[in-house]
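Engineer: kindly generate the corresponding structure for this input.
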Amino acid sequence: MKRWLAVWVLLALPLLARAECADVLEHQMRPLGKQENVDLCQRYAGHPLLIVNTASHCGFTGQFKGLEALHREYGPRGLRVLGFSSDDFRQEADDETEAAKVCYVNYGVSFDMYAKIHVRGDEAHPLFAELARQSKAPRWNFHKYLVDRDGKVAATFSSMTAPDDAELRAAIEKLL
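Structural biologist: Now for the predicted structure:
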């Protein structure tokens, strides 16, 4: 009997962990420049998140530097910064290798970046559809969603809000 209980617990643990995952994280995503998918729930469940739609040829592309600074400062305290490449505003490189170079080489991005997806409209990836359902769809590149540990949008910030903005930083501090 004890053996069957132990087997059941071992088999049920992954399912129980999945049951605690927020809807916003119930996705497999491919990192920018890589081939394998990442389980967002497994990687980010229980962490506050800063989710940003990005583009490599945008007037706001310089915000990568500030997002990296947030990642380095708040990452050790639990914040995860996630960038999602998108061409919905026609400012992303056609070639993924070029987009990756802009992020990783030009701006030294070390936070998690994901391959190109749609972030608004009927074709929006379900992750961004859920973020929009909880708040609003991005109106431009570098729209920022601050998501709490339970997967709820706690605040949104427009492209005009720089990563070093005092209000954004205060909102991050509140979640940590």
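Engineer: quick check: Pro138 vs Val119, distance?
Structural biologist: 5 Å (CB to CB, to the nearest Å). (Each C-beta comes from the backbone N, C-alpha and C, glycine too.)
Engineer: common neighbours of these two, please.
Structural biologist: 53, 88, 128 (CB atoms under 8 Å, 6 or more residues apart in numbering).
Engineer: quick one, what contacts the second one?
Structural biologist: What it means is Asp88. Contacts of Asp88 (CB under 8 Å, 6+ apart): 53, 118-121, 138.
Engineer: closest one of these to Asn106?
Structural biologist: Asn53 (18.3 Å; CB to CB).
Engineer: for that closest one, give me its contacts.
Structural biologist: By CB under 8 Å, 6+ apart, the neighbours of Asn53 are 83-84, 86, 88, 119, 128, 138, 141-143.
Engineer: low-confidence ranges in this protein?
Structural biologist: 1-19 (pLDDT under 70).
Engineer: ranges for the helices of it?
Structural biologist: 2-19, 40-44, 63-74, 96-100, 126-134, 166-175 (DSSP state H).
Engineer: for the residue nearest the centre of the chain, give the beta-bridge partners.
Structural biologist: Centroid check for the chain by CA atoms, centre = their mean gives Leu82 as the closest residue, at 3.0 Å. With DSSP bridges applied, Leu82 shows beta-bridge pairing to Ile51, Asp112.
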